[in-house]
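Enquirer: I need the structure of the sequence given here:
(one chain, ligands or ions: 2)
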Amino acid sequence: MTRKELFKNTLRKSVHAWKLINELPLSDDESLMLRHFMDQPGFLDLHWRMFVPAIKGQGTEEQKQKWLPLANKMQIIGCYAQTELGHGSNVQGLETTATFDPQTDQFILHSPTQTSSKWWPGGLGKVSTHAVIYARLITDGKDHGVHGFIVQLRNMDDHSPLPGITIGDIGVKFGNGAYNSMDNGFLMFDKFCIPRDQMLMRLSKVTREGKYVPSDVPRQLMYGTMVSVRQTIVSNASIAMARAVCIATRYSAVRRQFGSQNGGIETQVIDYKTQQNRLFPLLASAYAFRFVGEWLKWLYTDVTQRLEASDFATLPEAHACTAGLKSMTTSATSDGIEECRKLCGGHGYLWCSGLPELFAVYVPACTYEGDNVVLQLQVARFLMKTVSQLGSGKAPAGTTAYMGRAKHLLQCRSSIRKAEDWLNPAMVLETFEARALRMAVSCANNLSKFENQEQGFSELLADLVEAAIAHCQLIVVSKFIVKLEGEIKGKGVKNQLKNLCYIYALHLIHKHLGDFLSTNSITSEQASLANHQLRSLYTQVRPNAVALVDAFDYTDHYLGSVLGRYDGNVYPKLFEEALKDPLNDTVVPDGYHEYIRPLIKQHLRSARL
Ligand SMILES: CC/C=C\C/C=C\C/C=C\C/C=C\C/C=C\C/C=C\CC/C=C/C(=O)SCCNC(=O)CCNC(=O)[C@H](O)C(C)(C)COP(=O)(O)OP(=O)(O)OC[C@H]1O[C@@H](n2cnc3c(N)ncnc32)[C@H](O)[C@@H]1OP(=O)(O)O
Ligand SMILES: Cc1cc2nc3c(=O)[nH]c(=O)nc-3n(C[C@H](O)[C@H](O)[C@H](O)COP(=O)(O)OP(=O)(O)OC[C@H]3O[C@@H](n4cnc5c(N)ncnc54)[C@H](O)[C@@H]3O)c2cc1C
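Expert: Numbering: from 1, shown residues only. Ligands and ions are numbered 1, 2, ... in the order given. Down below sits the predicted model:
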């Protein structure tokens, strides 16, 4: 499809999905499943996941009563317009202004520079009638920082932009289809006026007289919509990883190379330890991210209930966990999809493997909802704060509770003696805790050598990101272990999940061996025992690998991959796909007479000369 056809087709699908949701009707959870099977980014994502939640989280009761019924019936379509051409990560650096005019009781929205143009918001370019806009609030010449506003963008009769608004699509993005189904947009305001009651005023207010009344709740609640989406992105990482792994595992069982004895059949590539060493940790990650995603959903629900009761105590942890896990799981999944493509050899590079499209559509997850490095630095700040409070009498709680055992964890030596010890959950956990704590404490010690803490933080950014990742990996490992401690239905399923849990943990030890050795969390002998155990786990997973990906229950239609077909009938279908290519419509290609023939003939003439 051309970009225009792709975009229009996505509108068609989105509207059809909305019709089904209402007619059947579908529950919220079922609607989310429908989104997965629709399988294309589109304006509905932003409307439901960001525009509506932003109003719910930041609007007053009156504002919710006015706007939510319209949004819930899709009589207005909204997006989330925060990022600007010049600033995305640095939200406090946004430039768009919303200046209160007491004469007219309105805010005047203005884009003072080119870099202040809104740039990237999905659904903005062509579809949205409304947006939640983030802009600097100015009253009586004073800048109160960034606040949210509900703004109508387009005429409800003919969809034309309202006077004072310049709007459009930002252009083609990475890949062929991928995220190009979405109208990521730009927007400039030229002194565009909105009524005062369109500032989202649950957190802070501007009175009729133009007085700014700051909130008595943390200003970070303004970032709540991002926290909510980051949480969902973790579960989505599992879905995308599982999809790539399903394709690569099934194909690895079909594909044979080398190893033929006396003219017999060759070896299935899944039997090569190198293939297992690349594939099975990704299979384990797909399960691990699913379990940590379930836990994160619980954490998010818990913090939301607490916030409703004005208990803000767990907000920093919820922010650190959603930011860190969003970052860690999307980076691992993007890399994992690409690894799966390589695991499928040359055929993985074919469009019909399903992997190039999956990669192209997935990889912006490393950037949207917060650049992954910027988000890990938020985790690092949280960790440095926690370390600095150790010994103050305030016991760390939740995911940092392990830091409360700092004295032990800083000194302990791993008691792993044989390979099987690596299947002991307490020993594995302690190894990850020791590594995470020691990395965090080492950063804190190095920071303390700087007179200026911010300067020190800048200098140590790379180490801080690594410490944050170590903490996030500990969370994933520990939630997998907790999952195994609970009830798991199905004969033998627990054993399979145990294998995957330890593959997940031990492959991380192997991959980040430098961290584990340099922090003395393990010795080199214990590292080789971990490798030994890992190989043994691969052998145990091998007979069940295909069943473990079948368990994701993805249809062939959803996978969209010739290589990942359930029936394994790969080669005939690859031919079928090839023959469908428009280049094969004719035997002699268009362009032959124009270019190829004259070229060949010219060579023939020179040869005769
Ligand atoms: C189709 C796919 C195919 C396959 C995949 C398979 C299935 C997929 C199927 C469906 C998928 C569907 C949907 C996916 C889900 C959703 C995605 C949909 C669309 C994506 C659209 C994208 C939208 C966006 O990108 S919106 C814009 C996002 N922007 C950002 O994230 C900006 C990042 N920057 C910031 O957040 C901040 O600027 C900052 C970096 C945090 C810094 O902020 P600030 O300067 O204010 O803060 P300080 O550092 O000074 O910290 C002050 C203080 O505040 C605390 N803090 C910061 N943030 C928060 C927070 N959010 N909550 C709570 N507290 C916070 C911080 O810790 C400090 O605390 P202390 O003072 O105590 O230290
Ligand atoms: C597909 C897609 C959809 C999007 N949808 C929306 C949307 O609907 N609404 C919306 O408002 N926005 C949207 N965005 C914008 C997105 O949120 C931003 O792109 C994202 O927050 C990253 O910000 P940035 O582009 O400014 O990156 P930058 O901050 O410019 O990052 C560039 C580089 O600088 C590094 N860097 C930046 N700051 C630091 C620092 N402090 N320390 C160390 N390194 C740093 C980063 O790690 C990165 O390597 C979307 C983006 C994409 C790609």
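Enquirer: By neighbour count, which bits of stretch 330-345 are buried? Give me those.
Expert: Going by neighbour count (16 or more other Cβ atoms under 10 Å), the buried part of stretch 330-345 is 330-341, 343-344. The way it works is simple: take the backbone N, C-alpha and C, and place the C-beta from them, glycine included.
Enquirer: which of those residues are close to ligand 1?
Expert: Cross-checking the buried residues of stretch 330-345 against ligand 1 (Cβ under 6 Å from any ligand atom) gives no overlapping residues.
Enquirer: Kindly reformat the residues you listed as TSV and extend each row with pLDDT.
Expert: Converted to TSV, the buried residues of stretch 330-345 look like this (pLDDT from 0 to 100):
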residue	pLDDT
T330	98
S331	98
A332	98
T333	98
S334	98
D335	98
G336	98
I337	98
E338	98
E339	98
C340	98
R341	98
L343	98
C344	98
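Enquirer: tell me which parts of the stretch 201-350 of the chain are close to ligand 1?
Expert: 220, 223, 226-227, 229, 232-233, 236, 239-240, 315-316, 319.
Enquirer: Please identify which of these is nearest to R136.
Expert: For these, the minimum distance to R136 (Cβ to Cβ) is 15.7 Å, reached by Y223.
Enquirer: residues touching that closest one, list them.
Expert: V91, H319 (Cβ atoms under 8 Å, 6 or more residues apart in numbering).
Enquirer: What are the boundaries of the helices in the stretch 1-150 of the chain?
Expert: Remark: helices assigned in the stretch 1-150 of the chain by DSSP state H, counting those that start in this stretch are 3-23, 28-38, 43-46, 52-58, 61-72.
Enquirer: most tightly surrounded among those helices?
Expert: The highest average neighbour count among the helices of the stretch 1-150 of the chain, using mean count of other Cβ atoms under 10 Å, belongs to helix 43-46 at a mean of 25.
Enquirer: Determine how far it lies from the middle of the whole chain.
Expert: 16 Å (Cα atoms, centre = their mean, to the nearest Å).
Enquirer: Tell me the residues of the stretch 251-400 of the chain that contact ligand 2?
Expert: Residues of the stretch 251-400 of the chain lying near ligand 2 by Cβ under 6 Å from any ligand atom: P364, T367, Y368, G370, D371, V373, V374, L377.
Enquirer: Considering those, which possesses the most neighbours?
Expert: G370 (24 neighbours; other Cβ atoms under 10 Å).
Enquirer: Show the low-confidence segments of the chain, by residue range.
Expert: Across the chain, the ranges flagged by pLDDT under 70 are 603-609.
Enquirer: Which residues of it lie near ligand 2?
Expert: Checking the chain against ligand 2 by Cβ under 6 Å from any ligand atom, the hits are 46, 80-83, 88-89, 120-122, 179, 184, 364, 367-368, 370-371, 373-374, 377, 461.
Enquirer: out of those residues, which are inside strands?
Expert: Among the residues of the chain next to ligand 2, the ones falling in strands (DSSP state E) are Y80, A81.
Enquirer: Make a markdown table out of the buried residues of stretch 330-345 and add secondary structure.
Expert: Shown next, in a markdown table, are the buried residues of stretch 330-345 (DSSP: H, G, I helix; E, B strand; the rest coil):
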| residue | secondary structure |
| --- | --- |
| T330 | helix |
| S331 | helix |
| A332 | helix |
| T333 | helix |
| S334 | helix |
| D335 | helix |
| G336 | helix |
| I337 | helix |
| E338 | helix |
| E339 | helix |
| C340 | helix |
| R341 | helix |
| L343 | helix |
| C344 | coil |
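Enquirer: Tell me the one of those residues nearest L279?
Expert: L343 (5.7 Å).
Enquirer: who are the neighbours in contact with that closest one?
Expert: With contact set as Cβ under 8 Å, 6+ apart, L343 has these partners: A248, Y251, S252, Q275, R278, L279.
Enquirer: Helix or strand: which one has the first one?
Expert: Okay, so that is A248. Taking DSSP states H and E as the definition, one finds A248 inside helix 224-254.
Enquirer: repeat for the last one
Expert: Of the helices and strands defined by DSSP H and E, L279 is found in helix 273-308.
Enquirer: just checking, what packs against that helix?
Expert: When contacts are defined as 3 or more Cβ pairs under 8 Å, 6 or more residues apart in numbering; DSSP states H and E, helix 273-308 sits against helix 224-254, helix 315-343, helix 461-485, helix 493-511, helix 524-541, helix 545-550.
Enquirer: let's see 6 Å
Expert: Applying 3 or more Cβ pairs under 6 Å, 6 or more residues apart in numbering; DSSP states H and E, we find helix 273-308 packed against helix 224-254, helix 315-343, helix 461-485, helix 493-511, helix 524-541.
Enquirer: and the closest residue to Q152 other than its chain neighbours, what is it in contact with?
Expert: In space, and not counting its chain neighbours, Q152 is closest to H130: 5.3 Å by Cβ to Cβ, 6 or more residues apart in numbering. Applying Cβ atoms under 6 Å, 6 or more residues apart in numbering, we find H130 in contact with I76, G78, Q152.
Enquirer: nearest to ligand 1, of the residues you listed?
Expert: Nearest to ligand 1 among the contacts of H130: G78, at 12.9 Å, using Cβ to the nearest ligand atom.
Enquirer: Next up, the contacts around the closest one.
Expert: H47, F51, S128, H130, A131.
Enquirer: Leaving out chain neighbours, which residue sits closest to the last one?
Expert: Leaving out its chain neighbours, the residue that sits closest to A131 by Cβ to Cβ, 6+ apart is A81, at 4.4 Å.
Enquirer: The one you found: what's it in contact with?
Expert: K118, P121, L124, A131, I133.
Enquirer: cool, Y251 as well?
Expert: C344, L563.
Enquirer: That one and ligand 2, how far apart?
Expert: 28 Å (Cβ to the nearest ligand atom, to the nearest Å).
Enquirer: Number the residues from 10 up from this point.
Expert: From this message on, residue numbering opens at 10, which makes the last subject Y260.
Enquirer: picking that back up, looking at the contacts of L352, which is nearest ligand 1?
Expert: Using Cβ to the nearest ligand atom, these come closest to ligand 1 at A257, 15.6 Å.
Enquirer: just to revisit the earlier point, out of the helices of the stretch 10-159 of the chain, which is closest to G600?
Expert: helix 12-32 (23.9 Å).
Enquirer: Now R217: phi and psi?
Expert: Per-residue torsions, R217: phi -60, psi -30 (degrees, to the nearest 10).
Enquirer: Identify the residue spatially nearest to it, adjacent ones excluded.
Expert: Nearest residue to R217, sequence neighbours excluded (Cβ to Cβ, 6+ apart): D114, at 6.4 Å.
Enquirer: Many thanks, we can stop here.
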